[in-house]
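Novice: Make a model of this:
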Amino acid sequence: MKVTVTLLVCLFAVSAKADVFLGFDAPTPGTISDTNGLGTGFTHRLPGTGTALPANDPNMDLLGDPGSLLLTSTRADINQTNVIRNLPILEAPGVLLTNLGSKDIYITALFHDVRVPNSSDQLALYAGVSSEKVLRTSMHPQNLYVFTENFGAGDVNTLSGANSFAPGDDIQLSLNRVSGKWQENVPPLVEKPVPPTFTISRGLLLGVNGLRIEH
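Specialist: Prediction:
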């Protein structure tokens, strides 16, 4: 069983050096292709993920006006402590930004009709350099928001209270780096200094992630 999410006018990142906006309202040639061979606008996958997914990704469907992308989760997990990982089929498409230095970064994703009814459903916005160096702000079962740090030894989670949102809500997630600290816009409103292992001298991947561990 799979979980789907529609992303509308949803992903942008702004810094002094880059300005990226994905509206999903038209194909973008030369980018990761959806199930119909249409370019989604995503340029890269989080390193360590998605290596077994076909060129025309069956889990992404670029829909027309008003602009949306339907993303279907796979049975996979970034968390190193989970028995089921399946990173080669994990969906974590993104956009690579380079020459960021220490500038502030603002990332926002808008998820429509959010529903996470199953015990391992997760919908996330991420910033990272690989599957072992990544931060995520996400929506989980029991309608929790979760901030996750992962630096190769498993997920370290900070949770909101249960029922922080309602099934069917449209939810905007933000993950920002401001004055050297990563911040999110939803409870538990975590603010974390940039970890010393989280070097981004070669670029930073910003994107969305949908996964389900169980079927």
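Novice: What pairs with the helix or strand where His112 lies, parallel or antiparallel?
Specialist: Applying DSSP states H and E as the criterion places His112 in strand 105-114. Strands adjacent to strand 105-114 in the sheet, as given by DSSP bridges, are strand 4-7 (antiparallel), strand 11-14 (antiparallel), strand 169-178 (antiparallel).
Novice: Now it: average pLDDT?
Specialist: For strand 105-114, mean pLDDT rounds to 84.
Novice: Same question for that strand: list its buried residues.
Specialist: Of all the residues in strand 105-114, those buried under the rule 16 or more other Cβ atoms under 10 Å are Ile105, Ile107, Thr108, Ala109, Leu110, Phe111, Val114. Glycine gets a C-beta too; all of them are placed from N, C-alpha and C.
Novice: Check stretch 67-84 too.
Specialist: Within stretch 67-84, the residues scored as buried using 16+ other Cβ under 10 Å are 67-79.
Novice: and which of those residues is nearest to Arg85?
Specialist: Proximity of the buried residues of stretch 67-84 to Arg85 (Cβ to Cβ) peaks at Asp77, which lies at 5.4 Å.
Novice: I'd guessed Lys192 sits against Glu149; true?
Specialist: Yes. Using Cβ atoms under 8 Å, Lys192 is in contact with Glu149, at 7.0 Å.
Novice: Mutual contacts of these two, please.
Specialist: Leu135 (Cβ atoms under 8 Å, 6 or more residues apart in numbering).
Novice: rewinding a little: out of the strands paired with strand 105-114, which gets the lowest mean score?
Specialist: Across those, strand 4-7 gives the lowest mean pLDDT, at a mean of 40.
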